[in-house]
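> Got a predicted structure plus its sequence, pasted below:
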Amino acid sequence: MVSYKELGLVNTREMFAKAIKGGYAIPAFNFNNMEQLQAIIKASAETKSPVILQVSKGARNYANQTLLRYMAQGAVEYAKELGWEHPQICLHLDHGDSFELCKSCVDFGFSSVMIDASSLPYEENIALTKKVVEYAHKYDVTVEAELGVLAGVEDEVSSAVSHYTKPEEVVDFATRTGCDSLAISIGTSHGAYKFTPEQCTRDPKTGKLVPPPLAFDVLDAIMEQLPGFPIVLHGSSSVPQEYVDMINQYGGKLPDAVGIPEEQLRKAAKSAVCKINIDSDSRLAFTAAVRKVFAEKPGEFDPRKYCGPARDLMEELYKHKIINVLGSDGKAE
Ligand code: G3H
Ligand code: 13P
Ligand code: ZN
């Protein structure tokens, strides 16, 4: 058993309380490798933003859980080295799909876990979430749960349509499970193709796809039911056109990729939405930078020469999100 406290990590409780009060959201960035982690920590340290390092089941298998634990511990030390006196860094399991996986993460030094039982029937979602909460809380690890189903692919769970969270269920769910935060479905979805072209309109000037707006009425109804309760948005990448264009220009093929417009996320961040998940945008930045180097310097074969520019572009992206979208800069001095 390794306690996250020994690693210098924090859980989400205080982070979320402050974010709701302050009208901003905490960035939850997924990572799988050293370059992503370096970029996240540099961006967070420079902007003094609290941050959630997110690890999916797939990422955990990719990176190895022991290595991950030391990477997270290293991240805290690196942040201090960069001059961030009191780093507020949370290590969070993203989309945990079983009690065993969540338990293993708690035992291995994670400070927060998500149990995503949203694809199960309501009562089963409650039972599994409650079981995870009871275990995690013994170690002061916070738990995110999910109610409602996002369109697209949720790890191995696939859903073609999204089922918005039902506001009339949230009080019962939060009370009976004891979860610390709730991921909801209001129209976001995972990946770089969040909406089909048929769901969008086209900007007559640019010809680009304009996605439908998020269901802020559902968010408002949820907040009315659960005043001050921490709400989480998954699938919140914006799929920046510049990265998509770069990828396509340098030999990639991402036709009609579309994300959530930043102004909608800005609006959400000011509400009880206090955690915003971003993974795809970082994948796009990484891929765009690597493709550019490969296209312009076909003789290059030192990974540092293409992973370095990828890291720089991701750092720029993370800073942009922190400062211009979530408003979490300066909130962890
Ligand atoms: O929500 C899913 C995250 O983007 C993680 O994706 O399972 O491919 O690591 P992954
Ligand atoms: P994106 O695919 O929009 O980046 O969402 C990531 C996410 O929700 C991770 O849980
Ligand atoms: Zn997600």
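All right, it came through fine. Ligands and ions are numbered 1, 2, ... in the order given.

> With adjacent residues omitted, what lies nearest to Ala295?
Among residues not flanking Ala295 along the chain, Tyr250 sits closest, at 4.1 Å (CB to CB, 6 or more residues apart in numbering). Placement of C-beta: from N, CA and C, glycine included.

> Over to Glu144?
Excluding its sequence neighbours, the residue lying closest to Glu144 (CB to CB, 6+ apart) is Met114, at 4.1 Å.

> do Gln199 as well
Here the residue nearest Gln199, using CB to CB, 6+ apart, is Pro212, at 5.9 Å.

> how many neighbours does that neighbour have?
Using other CB atoms under 10 Å, Pro212 has 11 neighbouring residues.

> With Pro298 instead?
8.

> how far away is it from Val141?
Relative to Val141, Pro298 is positioned 48 Å away (CB to CB, to the nearest Å).

> any chance you could map the helices in the stretch 151-300 of the chain?
Along the stretch 151-300 of the chain, counting by DSSP state H, counting those that start in this stretch, helices occupy 170-177, 216-225, 241-249, 262-269, 280-296.

> need those helices in CSV with mean pLDDT, can you?
Listed next are those as CSV, based on pLDDT from 0 to 100:
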stretch, mean pLDDT
helix 170-177, 98
helix 216-225, 98
helix 241-249, 97
helix 262-269, 98
helix 280-296, 98
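
> Of those, which stretch is the most buried?
helix 280-296 (a mean of 20; mean count of other CB atoms under 10 Å).

> how distant is the helix or strand encompassing Ala39 from the center of its chain?
Using DSSP states H and E, Ala39 sits within helix 34-47. Taking CA atoms, centre = their mean, to the nearest Å, one finds helix 34-47 lying 15 Å from the centre of the chain it belongs to.

> and it, does that touch ligand 1?
No - contact between helix 34-47 and ligand 1 is absent, the nearest approach being 11.3 Å (criterion: CB under 6 Å from any ligand atom).

> just the angle between the very next helix or strand once past that helix and helix 34-47, please?
For helix 34-47, the succeeding helix or strand toward the C-terminus, using DSSP H and E, is strand 51-56. With axes from the mean of the first three to the mean of the last three CA atoms, to 10 degrees defining the directions, strand 51-56 sits at 160 degrees from helix 34-47.
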